[in-house]
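# need a structure here:
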Amino acid sequence: MTNTEFDRRMQSAPYTTIWNLAWPQVVMMFFHFLIGFVDVWVAGRIGRETQACIGVMTQAMFFFMVVAVALANGSVAAISQSSGAGLPRRIKRFVGLGVSLGLITGLVILAFGLWFDERFLTLLQIPPELMPIAGYLLQVSLYIMPAYYVFTITNALFRAQKIVTLPLYSMILVTGVNTVADLGLGLGLWGLPNLGYKGIAWATFGSVLCGTIYNIVMLNRCGLLGAQCLAPWRWVRLALPYLVKVAWPAGLMQLVWHSAYMVLYAITASLPEGSIVAMAGMSAGIRIEAVLFLPGIAFNFTASILVGHYLGQDRRAEAKRVGYRIMVVGVVLISVITALLWTVINPVVAFVSPDPEVQAEAVRYLAWNMVATPPLLAAMILGGAFTGAGATMFQAVIFGSAAWLVRLPLAYLLGHVVMRSANGVWVAMFVSVLVQCGTMFYFYQYKDWFKFTLRKNRRPA
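So this is what the prediction gives:
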């Protein structure tokens, strides 16, 4: 579809066009959710210790994927703006640059992670009885880092050009392989060796590798990998600073946000009473809560694409307007989904975790965090608009401040001093979301986030 045809559709039926871009990404995120859901479900059948470690390792993987997400955000900003401006050669060059940087940084993270793994687990205050499981899960997860980096970045490269179905197919493939391997190797079904928690780790390894291979093949078939992707050094020297300018605040945001989750896990793990049950309940609750993030993340991606597209055409008013439109659609949808999920929350929690104590804690966790979901997703969607504009610095400031200046101090105060229970941590999470959402609205409405756009008169051809 040409830019003219796309703009005509946006003008005649804006909400339909937004939905056509968003729904494949909603479905894609649903399959992404299933990956983690199956991991936790299988882990719960193995034991509460394994389930607790899976939750911690999920957050650890976010920590090690920081640079991949940063590069993906930088690529989305550069490519979506280039697409809006109608510059196909520059799109291919940014594709080549993104894939190359992903592979190189993935290898660096692998080496760093293997060197730092024991120190990392110690910093998380993992209880001694959980260390063997956590150590093995972390080590196998690190082996897949180079492929995981390329997988994450190539999915973003497709989305930035409004090719939203290929990332969906890729995620379906990863989910299918992971599910079969989790059940087969984790629980010993279908005559496969029963490896327990080790099977969960290798299921992730094999599924991500399959998804990465698929993405590379499809990039080649779409004509996005080839001689034109190999840009001369003089072009790279001019283009790389903008990519880094967008990427490093996005990486900082991911680092700050997910390291805050690591600290939150540590606060939960060191609660005066019931720390292991609280960790397992948080792990189960996060998996269930993740289904509520699916539309938010999908609409976040959609906002990045469309805001970048309009800013590439230097249509600032339309870029801001489309961000609000996407936010409205996303928040309405997530409010309905949240209300429906709460009506069946007890059987859903029981399905995820068979332990009655863990179930009760997961419900308490979800009671606070589900109420916070609509404002959280509003902030996420507006954050996607900032990504499309290259204004990732604003995201880093807003999300980082909410996490470190509000959530963590309040979580320690309420969890360890005032309420002396996990419920204090959940209250702190709720309050920090309200602060985050209000600040995001203010920045989006009143700050000049358009200045981060890759303008035509200073960008490489």
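
# centroid-wise, who is the farthest residue in this structure?
Gly191 (34.4 Å; C-alpha atoms, centre = their mean).

# just the CA trace of stretch 298-315, in CSV.
Taking only C-alpha atoms (Å, rounded to 0.1, in the frame of the first residue of the first chain), the coordinates of stretch 298-315 have been written out as CSV:
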residue,chain,number,x,y,z
ALA,A,298,-0.2,-3.7,20.5
PHE,A,299,-1.6,-0.1,20.5
ASN,A,300,1.7,1.1,21.7
PHE,A,301,3.3,-0.4,18.6
THR,A,302,0.5,1.1,16.4
ALA,A,303,1.1,4.6,17.9
SER,A,304,4.8,4.3,17.1
ILE,A,305,4.0,3.4,13.5
LEU,A,306,1.4,6.0,12.8
VAL,A,307,3.0,8.9,14.7
GLY,A,308,6.3,8.2,12.9
HIS,A,309,4.5,8.0,9.6
TYR,A,310,2.9,11.4,10.0
LEU,A,311,6.0,13.1,11.4
GLY,A,312,7.9,11.7,8.4
GLN,A,313,5.5,13.8,6.4
ASP,A,314,5.9,16.8,8.8
ARG,A,315,2.3,16.7,9.8
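
# what about the stretch 51-200 of the chain, any weak spots by pLDDT?
Counting by pLDDT under 70, the stretch 51-200 of the chain shows low-confidence ranges at 59, 117, 123-125.

# can you pull out the helices in it?
Using DSSP state H, counting those that start in this stretch, the helices of the stretch 51-200 of the chain run over residues 66-85, 88-123, 131-143, 145-160, 165-181, 187, 197-221.

# tell me which strands and helices the first one is in contact with?
Read it as helix 66-85. Counting by 3 or more C-beta pairs under 8 Å, 6 or more residues apart in numbering; DSSP states H and E, the packing neighbours recorded for helix 66-85 are helix 88-123, helix 145-160, helix 233-269, helix 275-312, helix 373-389, helix 392-401. In short, each C-beta sits where N, CA and C put it, glycine included.

# for the shortest one, same thing?
On a contact count with 3+ C-beta pairs under 8 Å, 6+ apart, helix 187 meets helix 14-46.

# elements contacting the helix it packs on?
helix 3-12, helix 48-64, helix 165-181, helix 187, helix 197-221, helix 275-312, helix 316-342, helix 345-352.

# in JSON lines: those, plus mean neighbour count and distance to Ser432.
JSON lines is the format used below for those (neighbours: other C-beta atoms under 10 Å; distance: least, C-beta to C-beta, whole Å):
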{"stretch": "helix 3-12", "mean neighbour count": "13", "distance to Ser432": "35"}
{"stretch": "helix 48-64", "mean neighbour count": "23", "distance to Ser432": "16"}
{"stretch": "helix 165-181", "mean neighbour count": "20", "distance to Ser432": "29"}
{"stretch": "helix 187", "mean neighbour count": "18", "distance to Ser432": "37"}
{"stretch": "helix 197-221", "mean neighbour count": "20", "distance to Ser432": "30"}
{"stretch": "helix 275-312", "mean neighbour count": "26", "distance to Ser432": "15"}
{"stretch": "helix 316-342", "mean neighbour count": "18", "distance to Ser432": "18"}
{"stretch": "helix 345-352", "mean neighbour count": "16", "distance to Ser432": "22"}
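
# just send those helices back as TSV, with distance to Tyr412 too.
As requested, the helices and strands packed on helix 14-46 are arranged in TSV below (distance: least, C-beta to C-beta, whole Å):
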stretch	distance to Tyr412
helix 3-12	47
helix 48-64	18
helix 165-181	35
helix 187	38
helix 197-221	30
helix 275-312	14
helix 316-342	28
helix 345-352	26
